[in-house]
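**Student:** Okay, sequence plus prediction incoming.
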Amino acid sequence: MFHVKKPFDLATDHEALVVGLFDKPEKFTGLLAELDTKFEGQLTELVKAGDVSAKVKTIHKVHSFGKIGAKRIWFVGLGKEKELSFDKLREAFGKLFKEVKAGKLEEAAVYLDSFMTEKLDGLDTAHAMAEALALSTYQFEGYKQKSNEPEKKLENVTVYCEGIEEEDVQASLTVGYAFGQGTNSARTLVNIPGNLLTASDLANYAVELAAKYDFEVEILDKAEIEKLGMGAFLAVNQGSDEPPKMIVVKYQGKEQWEDVIGLVGKGITFDTGGYSIKTKAGIVGMKTDMGGAAAVLGAMEIIGEIRPEQNVVAVIPSTDNMISGGAFKPDDVITSMSGKTIEVLNTDAEGRLVLADAVTYAKHHGANYLVDIATLTGGVITALGLHTTGAMTNHESLYEQVLEASMEAGEQMWLLPLFETEKERVRNSKVADLNNSPGREGHALVAGAFIGEFAEGTPWVHLDIAGTSTTSKAYDLGPAGATGAMTRTLALFVERFMPIEN
Ligand code: BES
Ligand code: ZN
Ligand code: ZN
């Protein structure tokens with residue numbers, strides 16, 4: 001895909017030469033100056049006339065009329081140099097590669113030096129570019145009958161970077177691309193409908209992933225889940241013809257199995273709501289209720305590529321939430337693996353039930369830190385909208401580390417409070433230790449508080465991606481559909497993780 005080369009020679013043939021353009025260059029320097037000379041000052045004129053603009057995230061194409069080797073020059077507007085952030089740069093590259101895809105280009109060259117700023121060096125720009133390429137050109141194949149015409153895809157990107165060593169650029173490109181690809185895998189899992197992605201399918205996927213990256217893997221079947229007493233997880237599966245799977249994937253990047261990060265992802269392959277059934281409108285789209293599981297598996301893929309010196313155990317409770325004569329019902333009382341009993345008040349609040357046992361099981365596997373991620377509540381959408389993941393925590397400095405990662409990944413998240421008042425609401429049951437649905441008021445908070453009861457004293461961060469895991473509109477870094485939300489945040493968090501002194 002990428003070939004890193006130097007020095008750059010204007011005579012080399014390319015379908016397109018991609019150049020970054022900053023706002024108000026007093027005078028063109030470097031490559032731009034060279035180009036301007038080749039074009040006898042016409043470039044300066046084009047910019048003056050506004051035919052080529054440096055407005056951030058704009059793309060302008062100029063034919064080279066044989067004056068240089070490349071057929072066309074594609075200018076990517078980058079705005080004011082001082083104001084260009086890593087996020088904006090990644091989005092600008094996203095826009096670029098969407099247009100490259102629409103133009104059916106199979107080859108292009110990028111002059112990376114023209115994208116660098118004082119703050120963003122060659123490694124940052126390489127990472128941003130490769131990640132954006134993978135993310136922005138993602139497409140879910142779907143199930144339509146295909147035409148026989150072969151699709152044209154960008155196969156060859158020559159990257160010129162004169163400022164730094166080729167190997168370093170190549171390494172950064174590889175890592176950036178891995179972050180994009182891991183996210184795309186998560187997107188694909190979320191986009192696949194429930195009939196084609198059962199808990200068993202998800203388990204098989206995890207087994208394949210583990211084989212590819214040499215991870216340890218454990219798939220608990222129904223009998224084993226019963227033996228371990230995961231009554232909360234089993235209750236959700238009770239109405240289904242599909243067997244449940246508890247999926248465990250382990251990555252050991254340290255000598256000892258210590259400082260273990262537990263990543264726990266909700267893997268409901270379809271959520272009907274159970275007997276507290278969803279509405280006709282509300283049920284559509286519930287194939288995406290395994291977005292947390294997908295983000296965890298996508299992050300594990302990235303971790304498998306970058307192999308950080310960390311220990312991670314991924315735990316995914318997977319089942320659908322269905323209705324039958326045997327299904328669980330409101331008023332049922334169930335016993336979780338932790339021993340805590342739960343009064344079921346709403347079978348549609350199933351995510352927290354499966355996560356309760358998964359959190360307990362992650363601790364069983366030695367997790368010292370926990371991050372759970374789930375398409376958990378409609379309430380988080382009411383609170384924070386569709387572009388911000390809701391977080392909760394019992395440990396501020398662990399939260400800080402997740403937040404740092406999310407900012408670098410360009411994924412918005414915001415902390416919601418974990419107050420005693422909501423813990424009390426969750427603990428309020430006449431017949432059991434907990435109840436799973438104490439009413440709709442602030443229900444993102446009580447869902448988080450419920451999971452916190454199982455994290456207990458272990459440092460824990462909860463991420464509710466009900467709003468962010470899918471989008472109805474295409475954006476710079478992807479199409480409509482699954483977003484792969486928080487995949488990159490999780491992977492970055494793991495990569496950068498610093499154990500916390502207790
Ligand atoms: N899977 C849903 C949450 C959800 C809603 C995800 C919309 C994506 C988009 C979850 O299991 C659920 O049904 N939550 C209920 C909780 C309620 C019963 C307390 C909800 O949000 O309404
Ligand atoms: Zn539900
Ligand atoms: Zn659900």
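**Tutor:** That came in fine, so what should we check first? Ligands and ions are numbered 1, 2, ... in the order given.

**Student:** that's a strand at residue 158, yeah?
**Tutor:** Yes - counting by DSSP: H, G, I helix; E, B strand; the rest coil, residue 158 falls inside a strand.

**Student:** ok, it to ligand 3 distance?
**Tutor:** According to CB to the ion, to the nearest Å, residue 158 stands 46 Å off from ligand 3. Every residue, glycine included, has its C-beta placed from N, CA and C.

**Student:** what do you get for residue 392?
**Tutor:** On the measure of CB to the ion, residue 392 and ligand 3 end up 17 Å apart.

**Student:** now swap in residue 359 and tell me
**Tutor:** Residue 359 is 16 Å from ligand 3, by CB to the ion.

**Student:** again, but for residue 65
**Tutor:** As judged by CB to the ion, residue 65 and ligand 3 stand 58 Å apart.

**Student:** Quick one, grab the pLDDT at that residue.
**Tutor:** pLDDT for residue 65: 92.

**Student:** Spit out the contact partners of residue 158.
**Tutor:** By CB atoms under 8 Å, 6 or more residues apart in numbering, the contact list for residue 158 reads 2, 3, 5, 12, 14, 107, 108, 109, 110.

**Student:** possible to save those as CSV with neighbour count, distance to ligand 2 and pLDDT?
**Tutor:** As requested, those are arranged in CSV below (neighbours: other CB atoms under 10 Å; distance: CB to the ion, whole Å; pLDDT from 0 to 100):
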residue, neighbour count, distance to ligand 2, pLDDT
2, 19, 43, 94
3, 13, 48, 94
5, 16, 52, 92
12, 14, 56, 94
14, 21, 51, 96
107, 14, 47, 96
108, 23, 45, 97
109, 24, 49, 97
110, 27, 45, 97
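
**Student:** from the residues you listed, which two are the most distant?
**Tutor:** Using CB to CB, the contacts of residue 158 reach their maximum pairwise distance at 2 and 12, which is 15.8 Å.

**Student:** circling back to that earlier point, between the contacts of residue 158, which sits nearest ligand 3?
**Tutor:** residue 2 (39.5 Å; CB to the ion).

**Student:** pLDDT value on the closest residue to that closest one other than its chain neighbours, please?
**Tutor:** The shortest distance from residue 2 to any residue that is not its chain neighbour, by CB to CB, 6 or more residues apart in numbering, is 4.7 Å, and that residue is residue 173. pLDDT recorded at residue 173 is 98.

**Student:** Same check on the one 5 residues further on?
**Tutor:** Residue 178 is assigned a predicted lDDT (pLDDT) of 98.

**Student:** Look at the closest residue to residue 366 other than its chain neighbours and say how many residues are nearby.
**Tutor:** Nearest residue to residue 366, sequence neighbours excluded (CB to CB, 6+ apart): residue 260, at 4.7 Å. Other residues within reach of residue 260, judged by other CB atoms under 10 Å, total 23.

**Student:** Wait, residue 260 touches residue 370, no?
**Tutor:** No - using CB atoms under 8 Å, residue 260 is not in contact with residue 370; the gap is 9.7 Å.

**Student:** Residues in contact with stretch 37-55: which ones?
**Tutor:** Contacts to stretch 37-55, defined as CB under 8 Å, 6+ apart, come from residues 10, 21-25, 28, 32, 35-36, 60, 62, 67-68, 75, 77-79.

**Student:** residue ranges with poor pLDDT in the chain?
**Tutor:** 25-27, 502 (pLDDT under 70).

**Student:** need the residues of it near ligand 1, please.
**Tutor:** Selection of the chain residues close to ligand 1 by CB under 6 Å from any ligand atom yields 271, 273, 289, 346, 348-351, 375-379, 437, 443, 466.

**Student:** now, which of those lie close to ligand 3?
**Tutor:** 271, 289, 351 (CB under 5 Å from the ion).

**Student:** what would the residues you listed look like in JSON lines with distance to residue 221 and neighbour count?
**Tutor:** What follows is these, written out as JSON lines (distance: CB to CB, whole Å; neighbours: other CB atoms under 10 Å):
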{"residue": "271", "distance to residue 221": "22", "neighbour count": "26"}
{"residue": "289", "distance to residue 221": "21", "neighbour count": "26"}
{"residue": "351", "distance to residue 221": "21", "neighbour count": "28"}
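
**Student:** need those residues in JSON lines with distance to ligand 2 and secondary structure, can you?
**Tutor:** Formatted as JSON lines, those follow (distance: CB to the ion, whole Å; DSSP: H, G, I helix; E, B strand; the rest coil):
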{"residue": "271", "distance to ligand 2": "4", "secondary structure": "strand"}
{"residue": "289", "distance to ligand 2": "7", "secondary structure": "coil"}
{"residue": "351", "distance to ligand 2": "6", "secondary structure": "helix"}
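
**Student:** where's residue 247 relative to ligand 3, distance?
**Tutor:** 17 Å.

**Student:** just checking, that residue is part of a strand?
**Tutor:** Yes - the assignment for residue 247 by three-state DSSP puts it in a strand.

**Student:** how close does it get to residue 354?
**Tutor:** Going from residue 247 to residue 354 by CB to CB, to the nearest Å gives 12 Å.

**Student:** Show me whatever sits in contact with both of those two.
**Tutor:** Common contacts of residue 247 and residue 354 (CB under 8 Å, 6+ apart): 267, 317.

**Student:** Residue 407: neighbour count?
**Tutor:** Neighbour number of residue 407 under other CB under 10 Å is 15.

**Student:** Likewise for residue 459?
**Tutor:** Residue 459 has 20 neighbours, counted by other CB under 10 Å.

**Student:** do the same with residue 282
**Tutor:** Neighbour count of residue 282, defined by other CB under 10 Å: 14.

**Student:** ok, the closest residue to it other than its chain neighbours - contacts?
**Tutor:** Once flanking residues are discounted, residue 282 sits nearest to residue 273: 7.6 Å by CB to CB, 6+ apart. Applying CB under 8 Å, 6+ apart, we find residue 273 in contact with 282, 283, 321, 347, 348.

**Student:** residues contacting the closest residue to residue 440 other than its chain neighbours?
**Tutor:** Distances taken as CB to CB, 6+ apart put residue 379 closest to residue 440, at 7.3 Å, once the chain neighbours are dropped. Residues in contact with residue 379 (CB under 8 Å, 6+ apart) are 440, 442, 443, 444, 445, 447.
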